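Visitor: predicted model follows, preceded by the sequence.
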Amino acid sequence: MAPAHEHIVRSFDENLEQLRQTIVRMGGMAESQLARAIQALSRRDAALAGEVVRDDSAIDRLEHELSHQAVTLLALRQPMGVDLREVVSALKVSSDIERIGDYAANVAKRAIALSQLPPVKPAYAVPRLARLAQDIFKEALDAYVHRDPVRAIDVWRRDEEVDEVYTGLFRELLTYMMEDPRNISPCTHLMFIAKNVERIGDHATNIAETVHYLVKGTPIAGGRPKGDASSFEVVEPPKEA
């Protein structure tokens, strides 16, 4: 028979692996949610958008399940060092993924509203912003799975790219709204969609920071690079002919 200590260590490792697998499941579901939400927006598909909204509860359930598992591990095992970082990191990453799922559902809700309004030109730019956010989210998840701090730092740096594209889209939407009052309603929905996608990029960056801390035991040095200047944007009204 194996010693009791060996059994306890093996059991704890299995518990940690269960946390990791739950994170992977949540991440895959959130990635799918975001992809389908943007597809629904591009195709003006209200039915698909409705599915995305309904499916959000599945990610919420997994997040609650993981939180319960993690708290139980902390209480019963009282881990230290890297084991403690594993459990705490799982809690933080699952929270960020759950928020990403919420933002994807918000995009889908706006897509339903937009499907009932005339299309506007700036809608073409939203999928580009979404692809950037999707890409860094996938990279952040890969960094977590492979415990890769180098990839995590790359994700951390790329958040600025998402911010810059968001700022450009924000300015374009303001311009369209000022040029024709009929654009105000659809462009307002697109603004909220763009902001939700930008926030997805922020949460992916949170995951990257958590991965770095998990592996290295220290936060990423320096302030997070930011390129969101939408708060300072000023668009001049069109001059009368």
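Guide: Right, received. Where do you want to start?
Visitor: what about the helix or strand hosting residue 144, distance to the chain center?
Guide: Element membership for residue 144, per DSSP states H and E: helix 125-146. Relative to the chain's own centre, helix 125-146 is displaced by 8 Å; criterion: CA atoms, centre = their mean, to the nearest Å.
Visitor: now do the contacts for residue 18.
Guide: Residue 18 is in contact with residue 69, counting by CB atoms under 8 Å, 6 or more residues apart in numbering. To be clear about C-beta, it is placed using only N, CA and C from the backbone, and glycine gets the same treatment.
Visitor: kindly report the same for residue 194.
Guide: 126, 129, 166, 169-170, 173.
Visitor: please redo it, this time with the cut-off set to 10 Å
Guide: Residues near residue 194 by CB atoms under 10 Å, 6 or more residues apart in numbering: 107, 110, 122, 125-126, 129-130, 165-170, 172-173, 230.
Visitor: same deal with residue 72?
Guide: By CB under 10 Å, 6+ apart, residue 72 lies in contact with 15, 87.
Visitor: on that earlier part again, just the buried ones from the contacts of residue 194, in PyMOL syntax?
Guide: The PyMOL selection below is limited to those of the contacts of residue 194 classed as buried (16 or more other CB atoms under 10 Å):
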select buried, resi 107+110+122+125+126+129+130+165+166+167+168+169+170+172+173+230
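Visitor: I'd like the next helix or strand past the helix holding residue 144.
Guide: helix 149-179.
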